[in-house]
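**Q** Build me a structure from this.
(chains A, B and C, ligands or ions: 2)
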Amino acid sequence: MSLLTVDRLCAGYGALRVLHDVSFSIEEGNVTVVLGANGAGKSTLLRALSGMIPATGSIELDGYELLSGRRRRPIALLGIGHVPEGRGTFGGLTVEENLRAGGYHRPRGEVERSITEWFELFPRLAERRDRLAAGLSGGEQQMLAIARALMARPRLLLLDEPSLGLAPKMTGTLFDNLRAIRERMDMTVLLVEQNAHLSLQIADDALLMTAGQVGPRRPAIALREDEQIRRAYLGA
Amino acid sequence: MSAIMRRLRQPRPRLPIPRWVNLVVGIAAFAYLLYAPLVSPSYSNTQMAMVCVYAVAGLGLHLLTGMTGLISLGHGFFFAVGAYTAAILSGTQGWPVPVSFVVAAALGWLLGFLFGLPALRLSPLALSQVTLALALITPSLIKRLDFMTNGSAGLSVDVGDPPAWSGLDKDQWILYICLLIALVAYLVTLALSRGRTGRAMKGLRDNLPVATTLGVRATTTKSFVFATSAAFAAVGGVLYTLVIQYVGADAFGLTFAIALITVIVVGGLGSVPGVILGAVFVVFVPSWASEVSPSASGLIYGVALVVFMFVLPGGVIGVLRAIGHPVVSRFHARRSTAQPPVPQEQEAGRR
Amino acid sequence: MTTFFQQIVDGLTTGVIYAAIALSLVLVYRTSRLVNFAQAEMATLGGFLAWQLSDWGVPFPLAIALAVAASFALGATMERTVVRPLHEAHNELALFVISLGILVVLINVEAWIWGYQVKAVPLVIDGPAVSIGSVLVSRQKLVIVAVAIVIAALLFVLFQRTRFGLAMRAAADNQPSARLLGLPVNATMTLSWGIAAAIGTLMAILVAPQQFLQPGMLLPVLLYAVAAATLGGIDSPVGAVIGGLIVGVVENLAGTYVPGIGQDFKSAVAFLIIMGVLLVRPQGLLGSKSVVRV
Ligand SMILES: Nc1ncnc2c1ncn2[C@@H]1O[C@H](COP(=O)(O)OP(=O)(O)OP(=O)(O)O)[C@@H](O)[C@H]1O
Ligand SMILES: [Mg+2]
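**A** Numbers count the residues shown, from 1 in each chain, chains lettered A, B, ... in the order given. Ligands and ions are numbered 1, 2, ... in the order given. The predicted model follows:
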């Protein structure tokens, strides 16, 4: 069953239109990776999905139309978590406060439980719980941003280039963590990633994006074998 | 935002008025201005002269704010420098008025440059903080220098008497001086904003990185603009002393600095003719309003700032363009089939 | 030596006022990225409201409460109507010009309604000055200090101990992220403006007997408050308080001991502080660095 269905989505910045009639759907419980060149519009797609920029067309989350209705509810309340490009942690807040902000709409008791849970999964964050987020390393901030988004228990997680600026080893740890999260939570993920090699390994499905348009959905495993894809994205 | 607000705020392109029309209108206006002082009552000549005062200082501020996007509340200070230069040199010391102009312009430029050296390293926001402080301390600074400025009592002067050969009254003579200086300032501003410097400045305002890569040396350009605009303000100050024949510390505080900003905002930020309209506004409208209440004139400044910035960012010029557009384009349509291209603001897809 | 300590204490008690207005500036800056030059005049307007109410026979404490509440509403309304659209459009120049416009409007509205004749605002507490050792402090000043401490404590609790305060800090820190998490960003902005205006008004009422209530009463204070906020860090509430106290003391000592400054030219100290801090350490003592980037 598909959790998210996007139909003829158009969006951009002011007069500049970046997404042209984008249509696709993603399956509940799957990790779907979006691959595409720089400037293809991947980040723009995620921004349109989470309502950061105005859009037209249709975005349906589990049968609920996000683009209709005069006043939109915050996407966090609809079950979408978005870890933006460049992380967007609250640098002036401590690690723990960042997590609390993520769980803003959940009851206090659950928040405490989730915080303990994430600190177990990310021991590096636990050690730094009272430090300001601005003082964390890039990888730690990325973990924090993901954990913060997960605090709201989203059904759909949008992840924008989590490996950006990370050393290969850190990227490896990050993807291990993503795998662990996946096993723990029943969650659907839409992942934008430059690192096609790693992302195709944890993804179930893949979408290719070129110049503001999204191609048909294909199984990740097929792409891993596809000669053309290997040349374009895996550098083989 | 409602549809009406969006329409009001829409930026208006420059009207495609043919060059010869501009030239004819300009010459006609100039001829009228040459003639009018001879037949107008003295108070109206004084008001016209005040328009020139505000126009000259406003053109200076326009160079800075309208074109670089930087804002300064400190131009009241440079204006005061010019006003006191004239009062002291030509008034107390009895030197000829042209000397005051030269000294004031040079002093304004130099002080502007020196102030700009540190100040222009700041962000626009920080610059506004620093210049606010400058505006607030200007009156106390003048009072502190009371051995020259005579403190709060100020200096009454008798400068700018017309030469005997002219046969003019003092108010007429001074208005001619003001008109001449205003014309020069206007032409200089036009030249600066249309030439190489103007393009450089616009680049600074709109997109610093691009301008930098295009080889515009940001700091140099900014210092030059800031110093020049300070010099304009100082020259305006000299005119002020000629017109009012008195300088006092409290005239050059925050209220005055805000009046200068009103000049460039009301006419339309970034428009040179707009500055003249703004100057007309700050001289005439408050003087009408003060018949209602002494506070009404100040109130109008404030309301004008809010309304023009919030509802009509194009200023009076923007309104005129909106009104004039249908007329001018019909005129064009009749003369040729080719419509002038009018850039349309495109509406992004809205939720 | 006695004069010296007296100067320090005087500086601190004046500094408390600067700190309060600086705190208002900071609260507003954090939400709207605007140094609201109309802030002090909004406070003065609140002072007039309190005076007017008590002049009509409303008991003074009630008049204070009503004036503070009205200021809260005024601040909140300004945020909702004028400020937010421009803030969302990232139009800093327009915001700045509008804050000047509001300043001018307020001064003239006050002058129109109440005139320039100084209004006698009652002291909240009367009686001879209290002596601490050899230093004398008036009772009203002690009240001002006490009120300021209470305000600071309440703000601390709000920011550090409540969920909404967490949202306020998060929204000030990174607005897009706060929106993505569904934090009530708009509510935090409106509330910040309201709180800022309320603090200003409370202070204006308390200092009115000594500053002489008339239009533009707090403009001199605005200069020192901007200096205080700049020194402390324009986005740091704690910095505003510390900056206010430092500016108060420095200004007082400079006025007394530095030759050529004198009581009338003390304002130059504020100018030098603003310029110096912005050049040497633009983020101030406690501000965050990112804010300073253009
Ligand atoms: N904030 C913005 N304002 C204006 N245009 C933008 C903005 N962000 C992106 N764009 C433009 O939109 C297009 C798509 O950008 P987008 O960030 O979506 O690409 P991307 O696929 O995420 O690229 P990358 O892999 O480099 O992150 C680009 O041409 C870019 O210039
Ligand atoms: Mg991207």
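**Q** per-residue confidence averaged over stretch B:320-328?
**A** Mean pLDDT, computed over stretch B:320-328, is 80.
**Q** I should have written stretch A:132-145 there, sorry.
**A** The pLDDT scores in stretch A:132-145 average 89.
**Q** what does stretch A:160-170 give?
**A** Computed over stretch A:160-170, the mean pLDDT rounds to 84.
**Q** do the same with stretch C:105-124
**A** 92.
**Q** That one and chain B, are they touching?
**A** Yes - contact of stretch C:105-124 with chain B (C-beta under 8 Å from any C-beta of the partner chain) involves C:105-109, C:111-112. C-beta coordinates here come from the backbone N, C-alpha and C atoms, glycine included.
**Q** Sticking with the residue nearest the centre of chain B, tell me its helix or strand.
**A** Nearest residue to the geometric centre of chain B (C-alpha atoms, centre = their mean): B:G58, 1.0 Å. Per DSSP states H and E, B:G58 falls inside helix B:42-61.
**Q** try A:M143
**A** Residue-wise, A:M143 maps onto helix A:138-150 under DSSP H and E.
**Q** I'd like to know how many residues surround the closest residue to chain A within chain C.
**A** The nearest approach of chain C to chain A comes at C:G182, 3.0 Å away (C-beta to the nearest C-beta). Counted by other C-beta atoms under 10 Å in any protein chain shown, the residues lying close to C:G182 total 21.
**Q** Checking it next. Helix, strand or coil?
**A** Judged by DSSP: H, G, I helix; E, B strand; the rest coil, the three-state class of C:G182 is coil.
**Q** Does anything pack onto whichever helix in chain C runs longest? Which helices or strands?
**A** In chain C, assigned by DSSP state H, the helix with the most residues is helix C:2-32. Applying 3 or more C-beta pairs under 8 Å, 6 or more residues apart in numbering or on different chains; DSSP states H and E, one finds that helix C:2-32 contacts helix C:39-55, strand C:135-137, helix C:139-161, helix C:163-173, helix C:185-211, helix C:219-232, helix C:237-257.
**Q** 7 Å instead, please
**A** helix C:39-55, strand C:135-137, helix C:139-161, helix C:185-211, helix C:219-232, helix C:237-257 (3 or more C-beta pairs under 7 Å, 6 or more residues apart in numbering or on different chains; DSSP states H and E).
**Q** Single out the most deeply packed of those.
**A** Greatest average neighbour count among the helices and strands packed on helix C:2-32 goes to helix C:219-232 (a mean of 29), per mean count of other C-beta atoms under 10 Å in any protein chain shown.
**Q** Looking at the helices and strands packed on helix C:2-32, which is nearest to B:D171?
**A** helix C:219-232 (34.7 Å; C-beta to C-beta).
**Q** what residues does that closest one touch?
**A** When contacts are defined by C-beta atoms under 7 Å, 6 or more residues apart in numbering or on different chains, helix C:219-232 is touched by residues B:129, B:132-133, B:136, B:254, C:17-19, C:21-22, C:25-26, C:35, C:37, C:40, C:239-240, C:242-244, C:246-247, C:251, C:267, C:270, C:273-274, C:277-278, C:284-286.
**Q** how about a cut-off of 6 Å?
**A** Helix C:219-232 has contacts (C-beta atoms under 6 Å, 6 or more residues apart in numbering or on different chains) with B:129, B:133, B:136, C:18, C:21-22, C:25-26, C:40, C:239-240, C:242-244, C:247, C:267, C:270, C:273-274, C:277, C:284-286.
**Q** Next: stretch B:76-95.
**A** B:57, B:97, B:100, B:103-104, B:107-108, B:134-135, B:138, B:149, B:155, B:157, B:159, B:230, B:233-238, B:240-241, B:247, B:252, B:256-257.
**Q** if we can go back for a sec, does chain C sit close to the helix holding B:G58?
**A** No - using C-beta under 6 Å from any C-beta of the partner chain, helix B:42-61 stays clear of chain C, with a minimum separation of 11.9 Å.
**Q** Any buried residues in that helix, and which?
**A** B:45-61 (16 or more other C-beta atoms under 10 Å in any protein chain shown).
**Q** other SSEs contacting it?
**A** In terms of contacts (3 or more C-beta pairs under 6 Å, 6 or more residues apart in numbering or on different chains; DSSP states H and E), helix B:42-61 is packed against helix B:170-194, helix B:218-244, helix B:254-267, helix B:272-289.
**Q** after the last one, next one along is what?
**A** Which is helix B:272-289. Downstream of helix B:272-289, the first helix or strand assigned by DSSP H and E is helix B:294-310.
**Q** can you check the longest one too?
**A** Next helix or strand after helix B:218-244 toward the C-terminus (DSSP H and E): strand B:246-247.
**Q** contact partners of that next one?
**A** With C-beta under 6 Å, 6+ apart, strand B:246-247 has contacts from B:83-84, B:87, B:154-156, B:241.
**Q** Then stretch B:219-239?
**A** Contacts with stretch B:219-239, where a contact means C-beta under 6 Å, 6+ apart, come from B:53, B:56-57, B:59-60, B:63-64, B:68, B:75, B:78-79, B:81-83, B:86, B:100-101, B:104-105, B:108-109, B:112-113, B:116, B:120, B:178, B:200-201.
**Q** Name the residues of that stretch that come out as buried.
**A** Under 16+ other C-beta under 10 Å, the buried positions of stretch B:219-239 are B:221-239.
**Q** Out of the contacts of strand B:246-247, which one has the weakest pLDDT?
**A** Among the contacts of strand B:246-247, B:G154 carries the weakest pLDDT, at 88.
**Q** Quick one: residues contacting it.
**A** Each residue near B:G154 by C-beta under 6 Å, 6+ apart is listed here: B:247-248.
**Q** Could you measure from it over to chain C?
**A** 16 Å (C-beta to the nearest C-beta, to the nearest Å).
**Q** Backbone dihedrals for that residue, please?
**A** phi 80, psi -180 (degrees, to the nearest 10).
**Q** helices and strands of chain C: which one bottoms out on pLDDT?
**A** Counting by mean pLDDT, DSSP states H and E, the weakest-scoring helix or strand in chain C turns out to be strand C:130-132, with a mean of 87.
**Q** Correction: the previous question concerned chain A.
**A** helix A:227-233 (a mean of 70).
**Q** Below-threshold pLDDT in chain B: ranges please.
**A** Scanning chain B for pLDDT under 70 picks out B:1-2, B:66-67, B:197, B:201-218, B:331-351.
**Q** Ok, chain C next?
**A** For chain C, applying pLDDT under 70 flags the ranges C:1, C:290-294.
**Q** Which positions in it make contact with chain B?
**A** For chain C, the residues in contact with chain B (C-beta under 6 Å from any C-beta) are C:35, C:94, C:96-98, C:100-101, C:104-105, C:108, C:111-112, C:223, C:226, C:265, C:267-268, C:271, C:274-275, C:278-279, C:294.
**Q** Spell out the secondary structure type for the residue nearest the centre of chain A.
**A** Central residue of chain A (C-alpha atoms, centre = their mean): A:L159, 1.7 Å from the mean position. Look at A:L159: counting by three-state DSSP, its state is strand.
**Q** Which helix or which strand is home to the closest residue to C:S267 other than its chain neighbours?
**A** Nearest residue to C:S267, sequence neighbours excluded (C-beta to C-beta, 6 or more residues apart in numbering or on different chains): B:I137, at 4.6 Å. Applying DSSP H and E as the criterion places B:I137 in helix B:124-144.
**Q** Would you mind getting the angle between that helix and helix B:218-244?
**A** Angle, helix B:124-144 to helix B:218-244, by axes from the mean of the first three to the mean of the last three C-alpha atoms, to 10 degrees: 40 degrees.
**Q** after helix B:124-144, next one along is what?
**A** Following helix B:124-144 in sequence order, the next helix or strand is helix B:146-149 (DSSP H and E).
**Q** is any part of that following helix close to chain C?
**A** No - Helix B:146-149 is not in contact with chain C by C-beta under 6 Å from any C-beta; minimum separation 9.9 Å.
**Q** Other residues contacting the helix or strand following that helix?
**A** From helix B:146-149 onward toward the C-terminus, using DSSP H and E, the following helix or strand is strand B:155-156. Around strand B:155-156, the neighbours that count as contacts under C-beta under 6 Å, 6+ apart are B:87, B:246-247.
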